[in-house]
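Novice: sequence first, then the predicted structure:
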Amino acid sequence: MTTAYERRKERERERQAAQSREGRDIAPIPEVGKRKKDREAVKKSLRHFCERVLPERFKKKWSPDHLKAIAKIQRAVIDGDVFALAMPRGSGKTTLVVAAVLWAVLNGYRRYIVLIGSDRDAAAKLLAGIKVELEMNDELLALYPEAVYSIRKLEGKANKATGQLCEGQRTYIEWKGPRIVFATVPGSVCSGAVIETYGILGRIRGAQFTRPDGQLARPDFFLLDDPQTDRSAASRSQVSRRLNLITGAVLGLAGPGEAISGCATVTVIEPDDVADQLLDPDKYPDWAGERFQLIYQWPSSDRSIDLWEEYGTIRAEDKRKGLGLQRATAFYAKHRDDMDLGAKWAWDERYDARAGEISALQHAYNLRYSRPLTFDAEYQNKPRPPQSDVTILAVDEIERKCSGYTRGVLNPILDTVTAFIDVQGELLYYLVLGVQSGTFTSQVLEYGTWPEQVSKYFTLRAVAKPLSRVYPGLGLEGKLRKGLWDLVSALSSRTYATRDNKISHKIDLIGIDQNWKPSRASVVSVANEHPRSAWLLPAYGKYIGPEQAAIEDWKVKDGERVGPWWILQPVVGGGRKLLVDTNSAKSFVNARLNVAIGDPGSLSLYQPELVTEHRMLAEHIRAETPKTKSVEGGRSVEIWSSPPSKPDNHLWDCLVGCHTLASIKGATLAELAPTKNTRARAARRPKLRLKR
C-alpha cells in the first residue's frame, strides 16, 4: 500500500507536470479575424505581399524589370516553372528571394523549399533573413498567426522547440541549425513545411524529411541564389562542376520521375561562368534565362559622349580634393537634355539623392567611373572578356566555328592528316587534324582521350575512367607505355574519307608530347619499338621569349631541319625529336582561329551532333591567353599563359602539335613560304628523312 507521503508526492509531481505542459502549450492560437480579406489579397499576389508585409524593404517604386521578375517567380511557385534570372547588384534581388520563400510557404503553395547558395554559409544568411521576418514582423503574425505564433512563443530560444505543444500535442517545430520546420498545428496550411539550406557543393542529392505522420517528404521547390564565387567563376573546372550539379542534383531533388520547380537568381562574374551559361537560351533553353541590366542603351551622340567625358573630369577632380558631387551634378543638370539623349535605363528610382545624384543615368555613370573593372559584370550582367593585345575568340565563338563536315569526314581539299597525343598521368588526350598544304586551311577531324570517356565533358581531376582502371596492376611507366601503344595502334589504323569515299587518308604523322619528365621513357620506348614507329615523333615544347633568338634564326647543325617555329633534331642512337617554340606555335594557331571559314588559312571544327559537344575543346583552347612582351632593342613575342587556377588545356596542346606536324609535312601560308636564302640554306644541309 502507498503511504500518505507517497500519494502527496505523486499529486505534486502531476501538478508540476500539468504546469509544465500548460507552460509549453501554445494554445489557443490567435485567429486571423478581420484580416482575412488582406490575407486573401496577399495570397493572390507576390507583389502585394512584398508591399504589404515588407514595406520597409521595398520603399522605392518598382521598375518594369522588378515586376517582370516578380511575375516569373510567382509563376514558378504556383505553376511549377524553372528559370534563371540575373539582376544588377543592388536591385534588391536577395530581399525579393526572402519575400518569395515566405510567400510560397505561408500560403501553402510549397511544402519543402531548398535554399542553395555558393556555399552553406551563403545559404544560411538567406535563412537568417527569413527567421528575422518570422520573429519580428508583426504584419506576418497578424496575417498568418497559425504559422508565426508558434515561432514567437519560442522567444528566440531554439531549445524550447523540442517540448512545444498545441492542445496537448507536440508541434514538432524546428528552429535550430540549417533548416526550419514549421509547427504542426490544426488549421495551418504550412503545418510541417520545411525550409532547408545547402551549399551548391554540399550533399544535395537525397534531400528528404520524415514528417510526424511517417510520410517521407522530398523538396518541391528550390531557390538557387548566386551559386558561384569570384574564384569559382574564373575556374573552368569549377564552372563545369557546378553546372553539372545544378542540372543534375538540383533538378533531381524531387526524386525519381518527379519534376521540381524553382528559380536561379544569379550575377554574371566572368564570361562563360555558371550564370552566363544558365542565362544562355541556346545552351540551357529550359531555364528561360533573362538578363536585367542597369542601362540598356547608353547615350551615343558625339555631344552626349563629350559632355559625359567632361562630367567625368569634373567628378574626378573634385573626388581628388575630397569634395562631393555638387559641381558635377550642377554640370549634369545644366546639360541634362543632351546628356540623357538616346539613353534607356531600367529603374527611374535607382539613384542616391543623399549623395547628390538626381537621376538613374547619373548614378550608372558614377558607378561606371568608380568601378570600371567590375561594372559590366555586376551591373550589366555582361562582363568584358579578358583584355589582351591579341585578338582571341570567346569559348562560345570557338564552339560555333564549325564546318559542314561531321566527325571523321574529310573535306576533299585537305591533303595532309596529322595527330598529336598529350600525355597525362591517368589519361592520354589526342586530336586529329586535316590540313590543306598550300593554304594551311585546317579542320579538326576528331579528338578524344584514351581511355575513352562516356561523358562529352569532364576534367582531368575528376576523370571517370583512368588508365589505372584499364590497366590494373601496372606502375606509372607501365600503364603509360601500354596506353600509348594501344592508342597509337588505334590511330594508325583509322582512315578518314570524303563523303563519297573517293578520297581517303590515313594519318601521315603522329606526335607524342614528352614534356612531362615521368613520361619520357615510355614515349621514347613506344616511338622506337612500335610497328608504326616511322609515323611517330616525340616532341617537347620550349619557352622562347623576346630576349632569345627565334628558332628560325638558330645556327643549324648537321642533320637538323628548321621550320618557322620548330626544329627537328636527330637523337644519338637513331630516331629524332621535335622541339617546338610554344609561344610562336600557339600564336600561329590562334591566328588560324581568327580567320573566317572559307578564307585561306582558316581553322574549323567538325559539325557536332550536340550543341555543347565542343564545349570542352573550346575551354581547353581558351585556357590560355596571350600578352605581348617586348625587350628594348629586341623583338616582340606573344607570351601564352594560364590563370592561377590552371584549367585543363591538353586538347589545346594537341591542336598546336597537329599544326606543327602539318608544317613539318610541308603545309605553309603564303607569307611563310621559303625565300631564296632559306632554300639555299636548306640545300646545303642534309635532309632529315621521317621514314626509317
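Specialist: Thanks, I have it. Since the model is a prediction, treat every value here as computed from it, not as a measurement. Numbering: from 1, shown residues only.
Novice: hmm, Lys646 and Thr459 touching each other?
Specialist: No: counting by C-beta atoms under 8 Å, Thr459 does not reach Lys646; the two are 11.0 Å apart. Every C-beta, even on glycine, is put in place using the N, C-alpha and C of the backbone.
Novice: these two - which one has more neighbours?
Specialist: Taking neighbours as other C-beta atoms under 10 Å, Thr459 and Lys646 compare with Thr459 leading, 16 against 11.
Novice: the more buried one - nearest residue in space that isn't next to it in sequence?
Specialist: Of all residues not flanking Thr459 in the chain, Ser237 sits nearest, at 4.3 Å (C-beta to C-beta, 6 or more residues apart in numbering).
Novice: for Asp79, same thing?
Specialist: Counting by C-beta to C-beta, 6+ apart, the residue nearest Asp79 is Ser261, at 7.7 Å.
Novice: contact partners for the one you found?
Specialist: Residues in contact with Ser261 (C-beta atoms under 8 Å, 6 or more residues apart in numbering) are 76-77, 79-82, 220-222.
Novice: how close does it get to Leu115?
Specialist: 14 Å (C-beta to C-beta, to the nearest Å).
Novice: now Arg203
Specialist: 15 Å.
Novice: between the two, who's got more neighbours?
Specialist: Leu115 (26 against 9).
Novice: so the residue lying closest to Ile73 once chain neighbours are set aside: helix, strand or coil?
Specialist: Nearest non-adjacent residue to Ile73, counting by C-beta to C-beta, 6+ apart: Ala100, 4.9 Å away. Secondary structure state of Ala100, per DSSP: H, G, I helix; E, B strand; the rest coil, is helix.
Novice: was I right about Ala100 contacting Leu46?
Specialist: Yes: counting by C-beta under 8 Å, Ala100 does reach Leu46; the two are 6.3 Å apart.
Novice: what is in contact with the two at once?
Specialist: Joint contacts of Ala100 and Leu46 (C-beta under 8 Å, 6+ apart) are 73, 77.
Novice: for Ile246, what are phi and psi?
Specialist: Main-chain torsions, Ile246, degrees, to the nearest 10: phi -70, psi -50.
Novice: my guess is it contacts Val274, does it?
Specialist: Yes: using C-beta under 8 Å, Ile246 is in contact with Val274, at 7.3 Å.
Novice: looking at the two, which is more packed in?
Specialist: Val274 (29 against 23).
Novice: any stretches of the chain with poor pLDDT?
Specialist: Scanning the chain with the threshold set as pLDDT under 70 gives 1-2, 4-23, 385-389, 632-634, 670-692.
Novice: mind giving me the domain split of it?
Specialist: Using automatic domain parsing, the domain parsing of the chain gives 33-291, 299-377, 395-684.
Novice: mind checking which of these is nearest Pro383?
Specialist: domain 299-377 (3.6 Å; C-beta to C-beta).
Novice: from the chain's centre, how far out does the closest one sit?
Specialist: Distance, stretch centre to chain centre, for domain 299-377: 32 Å (C-alpha atoms, centre = their mean, to the nearest Å).
Novice: what about it, start to end distance?
Specialist: Domain 299-377 has its terminal residues 20 Å apart, counting by C-alpha to C-alpha, to the nearest Å.
Novice: now do stretch 244-255
Specialist: So stretch 244-255: terminal residues 17 Å apart, C-alpha to C-alpha.
Novice: who touches it?
Specialist: Taking C-beta under 8 Å, 6+ apart as the rule, stretch 244-255 contacts 82, 114, 116, 200-201, 204-205, 207, 218-220, 222, 224, 227, 260, 262, 264, 274, 278, 284.
Novice: what do you get for stretch 162-180?
Specialist: Stretch 162-180 is contacted by residues 21, 24-27, 29, 120, 123-124, 127, 130-131, 134, 150-151, 153-154, 158-159, 161, 181-186, 192, 194-198, 212 when judged by C-beta under 8 Å, 6+ apart.
Novice: start to end distance for it?
Specialist: First residue to last in stretch 162-180 (C-alpha to C-alpha) measures 13 Å.
Novice: please apply the same query to stretch 559-578.
Specialist: From its first residue to its last, stretch 559-578 covers 13 Å (C-alpha to C-alpha).
Novice: then stretch 146-166?
Specialist: 11 Å.
Novice: same deal with stretch 79-91?
Specialist: End-to-end distance (C-alpha to C-alpha), stretch 79-91: 25 Å.
Novice: so of the contacts of stretch 244-255, which ones are in helices?
Specialist: Mapping the contacts of stretch 244-255 onto helices (DSSP state H) picks out 274, 278.
Novice: are any of the contacts of stretch 244-255 buried, and which?
Specialist: 82, 114, 116, 200, 204, 207, 218-220, 222, 224, 227, 260, 262, 264, 274, 278, 284 (16 or more other C-beta atoms under 10 Å).
Novice: nothing else from me, thank you.
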